[in-house]
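**Student:** Take this sequence and fold it.
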Amino acid sequence: MSTKVADHVLQRLREWGVEHVFGYPGDGINGLLAAWGRADNQPLFIQSRHEEMSAFQAVGYAKFSGRLGVCAATSGPGAIHLLNGLYDAKLDHVPVLAIVGQTHRTAMGGSYQQEVDLHTLYKDVASDFVETVTVPEQLPNVLDRAIRTAYARRAPTAIIIPGDVQELEYSAPTHEFKMVPSSLDSSSWTATPADDSVRRAAEIINSGDKVAILVGQGASGARAEVEQIAELLGAGVAKALLGKDALSDELPYVTGAIGLLGTRPSYELMRDCDTLLTIGSSFPYTQFLPDFGKARGVQIDIDPHMIGMRYPYEVNLVGDAKATLERLIPLIRSAERGREWYDTVCDNVARWHEVMERRANLSADPINPEYVTRALDPLLPDNAIVSSDSGSAANWYARHLTMRPGMRGSLSGTLATMGCGVPYAIGAKFAHPDRPAIALVGDGAMQMNGLAELITAAKYKDLWEDPRLVVGIFNNHDLNQVTWEMRAMEGAPSFLPSQELPDVQYAAFARSLGLTGIRVEKPEDVAAAWRAGLEADGPAVIEFLTDPAVPPIPPHATWDQMEATAASILKGDADRGSMIRQGFKAKMQDFLQGREGREGRDKKSG
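**Tutor:** Purely as a prediction, here's the structure:
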């Protein structure tokens, strides 16, 4: 049988080690779908309910496997639907390849049905590489470059294949003028900075007495080296949210997340340090970094396009985090440093954990969302993969889950798009079918697209060696994060026509699909529900009726923000009564803990 272009696409993907393609069918890729039939569905075509979910699943797969995520869609509408997930990959630096169809070449330019200028449309989201295949001889070079570029640049790339090209007989490029051959092999490589730069960085770090380390997802392959340099320096380590699983939260000097969703000890670490070492992070919010001029800085990042930003670093080391730290650590001195800074950091972390425990145990109407996440924390298996959606759920994910060695976690860190939590978890299940996945999702994100993707989970659950996929839903009938942003930043009351959500029976819907569905209405049932979900023999949905009035108080809550919140109450916020109660109780935990800490220090000094 002759080999068509579509057949060669799938063959080349298999040669690159691609095992899954997340997609949705359409006539713009009919040639590819027919080729999948001829190839016995290898690589495995994973059908979502919507192309955007296919892109999110590819992102989740890539994030949790370290391998290329591949998604496919038809021309026009399907290609457009992929965009949000692909932008998520672009902003979080994840290798994803999009394969999309296009109208036949004979119709292009004729305002044909579903004809969209896809090359222009994709030129931003796939700015590192996007190309249209117009003849078979183009194919190996275009596909190979798209894959190599996605890996090398940690970015989404795209190839566009018109429908009639998919059906052409494949012919390889020949040894002729203006033919571009391609080879499959791609050796590994490691970037390292110059010796002089490493020495200068060591001098700066060694000169500091109060060292803070900030790690992001780029440090995930250097866990042992980050621990070693932190302990040499007596440093505290804060984590950007994408780096939450880069280092264990059980270490006493790990201060947790940084930023608006971060922790108080991370805020204090950055406020009081005199030296900042940033590893594999491009955390953008400079207001959470040390004041300019107060701390000397060194940055390590593998991407020269992303280095030297966010803070006036004195030395910018372009290189792989692990390889660079291996060269930097022998130059670090530790004997001269006292323990006061280290002890302060560890004390701050311990106090914060006590505060969060108290906040989680506060009563609410009917359930405190902080308690929901806090109750899950000790029950998580050591090999769990956790995804969080955007919204107030991300606050509780950031502050209450303890990442231990072997656990993985992620969310839409830079785009912060809603709707990624469930498809991320599905992508994780295909990346690691032998591990449990847990998604923390607000009711807004669940209504946006999570409900439909439960159908996908039900469709494929029998392919997973460990069939557990637990979706925890914070059901508070409110688009809660935006509600609180309106209160704190705009001084405006909750605008119910935009913020109020209808009540949906999520657990009942799950049961209608043959999945486990549990509805939790009382706090005393929370832990048992999590256990039941984690012990289920397949996907499970647990909906917790949570209180929207529990405030996601930032670690540095300013007077301006508190005054803005007070103003919204005075203007008649629909939920002002319970909001006052919950906000007061939460802030009292900070006050009481601070008072106890001061009294303890007074006793020691006395």
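
**Student:** ok, the residue positioned nearest the centre of the chain - contacts?
**Tutor:** Residue closest to the average C-alpha location in the chain (CA atoms, centre = their mean): residue 411, at 2.5 Å. Residues in contact with residue 411 (CB atoms under 8 Å, 6 or more residues apart in numbering) are 241-242, 387-390, 394, 397, 420-421, 424. Placement of C-beta: from N, CA and C, glycine included.

**Student:** Quick check: residue 162 touching residue 134?
**Tutor:** Yes: using CB atoms under 8 Å, residue 162 is in contact with residue 134, at 7.2 Å.

**Student:** Look at those two and report which has more neighbours.
**Tutor:** residue 162 (24 against 16; other CB atoms under 10 Å).

**Student:** Excluding covalently adjacent residues, which one is nearest to that one?
**Tutor:** Excluding its sequence neighbours, the residue lying closest to residue 162 (CB to CB, 6 or more residues apart in numbering) is residue 102, at 4.3 Å.

**Student:** ok, now residue 44?
**Tutor:** Nearest residue to residue 44, sequence neighbours excluded (CB to CB, 6+ apart): residue 20, at 5.1 Å.

**Student:** Likewise for residue 6?
**Tutor:** residue 35 is the one closest to residue 6 (CB to CB, 6+ apart), at 3.7 Å.

**Student:** The strand or helix carrying the one you found - contacts with which helices or strands?
**Tutor:** Using DSSP states H and E, residue 35 sits within helix 30-38. The helices and strands touching helix 30-38, judged by 3 or more CB pairs under 8 Å, 6 or more residues apart in numbering; DSSP states H and E, are helix 5-15, strand 96-102, helix 163-166.

**Student:** For the ones you listed, could you give me TSV that also reports mean pLDDT?
**Tutor:** Converted to TSV, the helices and strands packed on helix 30-38 look like this (pLDDT from 0 to 100):
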stretch	mean pLDDT
helix 5-15	97
strand 96-102	97
helix 163-166	96
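
**Student:** and of these, who's closest to residue 251?
**Tutor:** Ranking these by their distance to residue 251 (criterion: CB to CB) puts strand 96-102 first, at 31.9 Å.

**Student:** who does that closest one pair up with?
**Tutor:** Strand 96-102 has its sheet partners listed here by DSSP bridges as strand 69-73 (parallel), strand 156-162 (parallel).

**Student:** what's the spacing between the shortest one and its chain's center?
**Tutor:** With CA atoms, centre = their mean, to the nearest Å as the basis, the distance from the averaged C-alpha position of strand 69-73 to the chain average is 19 Å.

**Student:** Name the surrounding residues that touch it.
**Tutor:** By CB under 8 Å, 6+ apart, the residues outside strand 69-73 that reach it are 13, 18, 20-24, 26, 28-29, 32, 43, 45, 51, 54-55, 57-62, 79, 81-82, 85-86, 89, 94-101, 427.

**Student:** which residues in the stretch 1-150 of the chain form strands?
**Tutor:** Remark: strands assigned in the stretch 1-150 of the chain by DSSP state E, counting those that start in this stretch are 20-23, 44-47, 69-73, 96-102, 130-132.

**Student:** What confidence value was assigned to the nearest residue in space to residue 91 that is not next to it in sequence?
**Tutor:** Take residue 91 and drop its neighbours on the chain: the residue closest to it by CB to CB, 6+ apart is residue 414, 3.6 Å away. Looking at residue 414, its pLDDT is 95.

**Student:** Let me know the secondary structure of residue 414.
**Tutor:** coil (DSSP: H, G, I helix; E, B strand; the rest coil).

**Student:** Repeat that for residue 551.
**Tutor:** Residue 551 falls in the coil class when you classify it by three-state DSSP.

**Student:** What segments of the stretch 501-606 of the chain are strands?
**Tutor:** Counting by DSSP E, counting those that start in this stretch, the stretch 501-606 of the chain has strands at residues 516-520, 540-545.

**Student:** ditto for the stretch 251-400 of the chain
**Tutor:** Ranges of strands within the stretch 251-400 of the chain are 254-257, 275-279, 296-301, 315-318, 385-388, based on DSSP E, counting those that start in this stretch.

**Student:** Distance to residue 470, mean pLDDT and mean neighbour count added to those strands, as CSV?
**Tutor:** Below are the strands of the stretch 251-400 of the chain laid out as CSV (distance: least, CB to CB, whole Å; pLDDT from 0 to 100; neighbours: other CB atoms under 10 Å):
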stretch, distance to residue 470, mean pLDDT, mean neighbour count
strand 254-257, 22, 98, 27
strand 275-279, 32, 98, 27
strand 296-301, 35, 98, 26
strand 315-318, 40, 97, 22
strand 385-388, 10, 98, 28
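
**Student:** Please tabulate the ones you listed in a markdown table, including the columns distance to residue 117.
**Tutor:** Formatted as a markdown table, the strands of the stretch 251-400 of the chain follow (distance: least, CB to CB, whole Å):
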| stretch | distance to residue 117 |
| --- | --- |
| strand 254-257 | 41 |
| strand 275-279 | 40 |
| strand 296-301 | 35 |
| strand 315-318 | 36 |
| strand 385-388 | 34 |
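
**Student:** Nearest to residue 290, out of these?
**Tutor:** That would be strand 275-279 among the strands of the stretch 251-400 of the chain, by CB to CB, at 5.7 Å.

**Student:** Run through the neighbouring helices and strands of the closest one.
**Tutor:** With contacts defined as 3+ CB pairs under 8 Å, 6+ apart, the packing partners of strand 275-279 are helix 195-206, strand 211-215, strand 296-301.

**Student:** So which of these is the most surrounded?
**Tutor:** Sort those by mean neighbour count, taking mean count of other CB atoms under 10 Å, and strand 211-215 sits at the top with a mean of 30.

**Student:** Quick check: mean pLDDT of that strand?
**Tutor:** What strand 211-215 shows for mean pLDDT is 98.

**Student:** any idea what sits nearest residue 361, other than its immediate chain neighbours?
**Tutor:** Spatial nearest neighbour of residue 361, excluding adjacent residues (CB to CB, 6+ apart): residue 371 at 6.6 Å.

**Student:** thinking again about what came up before, tell me, what's touching residue 162 and residue 134 both at once?
**Tutor:** residue 105.

**Student:** who touches the nearest residue to residue 285 once chain neighbours are set aside in this structure?
**Tutor:** Of all residues not flanking residue 285 in the chain, residue 259 sits nearest, at 5.4 Å (CB to CB, 6+ apart). Contacts for residue 259 (CB under 8 Å, 6+ apart) come out as 240-241, 283, 285, 288.

**Student:** show me what contacts the closest residue in space to residue 556 that isn't next to it in sequence?
**Tutor:** Nearest in space to residue 556, with sequence neighbours left out and distances taken as CB to CB, 6+ apart, is residue 267 at 5.0 Å. By CB under 8 Å, 6+ apart, the contact set of residue 267 is 258, 288, 555-556.

**Student:** Residue 267 and residue 397, how far apart?
**Tutor:** With distances taken as CB to CB, to the nearest Å, residue 267 is found 18 Å from residue 397.

**Student:** cool, and residue 134?
**Tutor:** 46 Å.

**Student:** To residue 494, which of the strands of the stretch 501-606 of the chain lies closest?
**Tutor:** Proximity to residue 494 (CB to CB) singles out strand 540-545 among the strands of the stretch 501-606 of the chain, at 18.4 Å.

**Student:** who does that closest one pair up with?
**Tutor:** Partners of strand 540-545, by DSSP bridges, with direction: strand 469-475 (parallel), strand 516-520 (parallel).

**Student:** Just checking the distance from that strand to the centre of its chain.
**Tutor:** Chain-centre distance of strand 540-545: 22 Å, with CA atoms, centre = their mean.

**Student:** nearest residue to residue 221 other than its sequence neighbours?
**Tutor:** Leaving out its chain neighbours, the residue that sits closest to residue 221 by CB to CB, 6+ apart is residue 322, at 5.2 Å.

**Student:** got a list of what the one you found touches?
**Tutor:** By CB under 8 Å, 6+ apart, residue 322 lies in contact with 221-222, 225.

**Student:** Any of these buried? List them.
**Tutor:** 221-222, 225 (16 or more other CB atoms under 10 Å).

**Student:** for the strands of the stretch 251-400 of the chain, which one sits closest to residue 341?
**Tutor:** For these, proximity to residue 341 was assessed by CB to CB; strand 275-279 is nearest, at 10.3 Å.
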